[in-house]
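Novice: build me a structure from this.
(one chain, ligands or ions: 1)
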Amino acid sequence: MNISGNTILVTGGTSGIGRALAESLNDAGNCVIVSGRRQSLLDEVTAGREHMHGVLVDVTDPGSVTALAQKVRTDFAGLNVLIANAGISRPENLLDEAWTPDDAEAMVSTNILGVIRVTGALLPVMANQSEATLIATSSDLAFIPMAAFPTYCATKAFLHSWLQSARHQLRRAGVEVIELSPPYVQTELTGARQASDPRAMPLGSYVAYVMDCLAEKNLPRGELLLNDASGRRFAERNGVYEAMFAAMNSR
Ligand SMILES: NC(=O)c1ccc[n+]([C@@H]2O[C@H](COP(=O)([O-])OP(=O)(O)OC[C@H]3O[C@@H](n4cnc5c(N)ncnc54)[C@H](OP(=O)(O)O)[C@@H]3O)[C@@H](O)[C@H]2O)c1
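Specialist: Numbers count the residues shown, from 1 in each chain. A predicted model of the protein is given here:
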C-alpha cells in the first residue's frame with residue numbers, strides 16, 4: 001500500500017495500537033475512519049483532526065457490522081484499506097473451578113469472527129478500488145503460545161493461517177493482505193499495568209516501526225514482524241521451539 005492518499009478504516013481505533021496507528025496514518029495524509037464501542041473515545045480521537053471520522057461498531061454484533069458497511073458505502077465509498085485490529089485478551093486457568101468457556105467465546109467472537117465479519121462486509125467495497133489492502137492484527141504469540149492465555153494465542157494462530165489463505169485468494173482481486181504481528185506493546189490490552197510494563201515495547205516506538213515498514217514496503221511474505229520476533233516465527237524450523245516455549249512458560 002502507499003503510505004498516503006488512502007481511505008482507511010481501523011477497527012479497535014479507540015485505544016492502543018489501533019488509535020496510535022490511526023493517528024499516524026492521518027498525520028501521513030490519509031482519510032481515516034476509526035471504529036470501536038466507546039463513543040466518548042471516538043470523539044476524543046477525531047477531535048480537531050481533519051479527514052478523521054468515528055463510527056460506533058461492535059465487531060461481535062453482525063447487525064452493527066452490517067450498519068458499518070452501509071455507512072461506508074454511503075459516506076466512504078472510496079475505502080481501500082481495512083485494518084482489522086479490534087481484539088481482546090483474557091487469561092484462562094482451565095484448572096480453576098470457576099473457569100467457564102465464556103471468555104473463550106468472547107475472544108473467538110471478537111478476535112476471529114470479528115475480523116471475518118468486518119472483512120466480509122467491507123471487501124466488496126475495497127475490491128472495487130484500483131489498489132486495496134487488508135491488514136489484520138495477529139500477534140507474535142500466534143507462533144508460540146503463552147500458556148496462561150490459551151484461547152487468546154489460539155485466536156491469533158487462527159488469524160495467521162486464515163490470512164495466508166486470504167492472501168492467496170485475494171491476489172486475484174488485487175487486494176494485498178498484510179499480517180501485523182505485534183510483540184508485547186505498552187497498551188491496556190490486558191489491563192492498566194501493561195501500559196507501563198517496562199518489558200513491553202513503548203507504543204510510540206512500535207507504531208513508528210510499523211509506519212516505516214509500510215512506507216518502505218518491508219513486508220516479507222506479507223508479514224509485518226518486529227525483527228526479533230522472527231525468532232518465534234521460525235522457532236520450529238530453527239529447532240528451538242521447545243526451548244522457546246519452555247522459556248516463555250517457566251511457571
Ligand atoms: N498490546 C500488545 O501487547 C499486543 C500484542 C500482540 C497483539 N496485539 C493485538 O493488537 C490489537 C489491539 O490491541 P491493543 O494492544 O491496542 O489493546 P487495546 O488498547 O485494548 O485496544 C483494543 C481495541 O479493540 C477494540 N475492541 C475490543 N472489542 C471490540 C468489539 N467487540 N467491537 C469493536 N471494537 C472492539 C477496543 O475498542 P472499544 O473498547 O472502544 O470497543 C480497542 O480500541 C488486538 O488485536 C491485540 O490482540 C496487542
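Novice: ranges for the helices of the stretch 51-200 of the chain?
Specialist: Under the criterion DSSP state H, counting those that start in this stretch, the stretch 51-200 of the chain contains helices at 62-75, 102-107, 114-126, 150-170.
Novice: tell me which parts of the protein are close to the ligand?
Specialist: For the chain, the residues in contact with the ligand (C-beta under 6 Å from any ligand atom) are 11-18, 36-38, 41, 57-60, 85-89, 110, 137, 139, 182, 184-185, 187-189. Backbone N, C-alpha and C define where each C-beta goes, glycine included.
Novice: burial count for Asn80?
Specialist: By other C-beta atoms under 10 Å, the residues close to Asn80 number 24.
Novice: wait, it sits on Met126?
Specialist: Yes. Assessed by C-beta atoms under 8 Å, Asn80 is found in contact with Met126 at 5.8 Å.
Novice: overlap in contacts of the two?
Specialist: Shared contacts of Asn80 and Met126, defined by C-beta atoms under 8 Å, 6 or more residues apart in numbering, are found at Ala132.
Novice: can you give me the strands in the stretch 151-251 of the chain?
Specialist: With strands called from DSSP state E, counting those that start in this stretch, the stretch 151-251 of the chain shows them at 175-181, 223-225.
Novice: okay, those in a markdown table with mean neighbour count next?
Specialist: Below are the strands of the stretch 151-251 of the chain laid out as a markdown table (neighbours: other C-beta atoms under 10 Å):
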| stretch | mean neighbour count |
| --- | --- |
| strand 175-181 | 22 |
| strand 223-225 | 21 |
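Novice: mind putting the ones you listed into a markdown table with mean pLDDT?
Specialist: Converted to a markdown table, the strands of the stretch 151-251 of the chain look like this (pLDDT from 0 to 100):
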| stretch | mean pLDDT |
| --- | --- |
| strand 175-181 | 98 |
| strand 223-225 | 96 |
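Novice: returning to that earlier point: single out the most deeply packed of the helices of the stretch 51-200 of the chain.
Specialist: helix 114-126 (a mean of 21; mean count of other C-beta atoms under 10 Å).
Novice: what strand or helix carries Val10?
Specialist: strand 7-11 (DSSP states H and E).
Novice: pull the CA atoms of that strand into CSV?
Specialist: Output of strand 7-11 as CSV, limited to C-alpha atoms (Å, rounded to 0.1, in the frame of the first residue of the first chain):
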residue,chain,number,x,y,z
THR,A,7,-9.2,5.9,2.8
ILE,A,8,-8.6,3.6,5.8
LEU,A,9,-11.0,2.0,8.3
VAL,A,10,-9.4,0.9,11.6
THR,A,11,-11.3,-1.3,14.0
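Novice: which strands and helices lie in contact with that strand?
Specialist: Other helices and strands packing on strand 7-11, by 3 or more C-beta pairs under 8 Å, 6 or more residues apart in numbering; DSSP states H and E, are helix 16-27, strand 31-36, strand 81-84, helix 114-126.
Novice: could I get the least confident helix or strand in the chain by mean pLDDT in CSV with only the CA atoms?
Specialist: Using mean pLDDT, DSSP states H and E, helix 230-233 stands out as the lowest-scoring helix or strand of the chain, at a mean of 90. What follows is helix 230-233 as a C-alpha-only set of coordinates in CSV (Å, rounded to 0.1, in the frame of the first residue of the first chain):
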residue,chain,number,x,y,z
SER,A,230,11.3,-13.7,13.7
GLY,A,231,12.9,-15.9,16.3
ARG,A,232,9.4,-17.0,17.3
ARG,A,233,8.1,-17.1,13.8
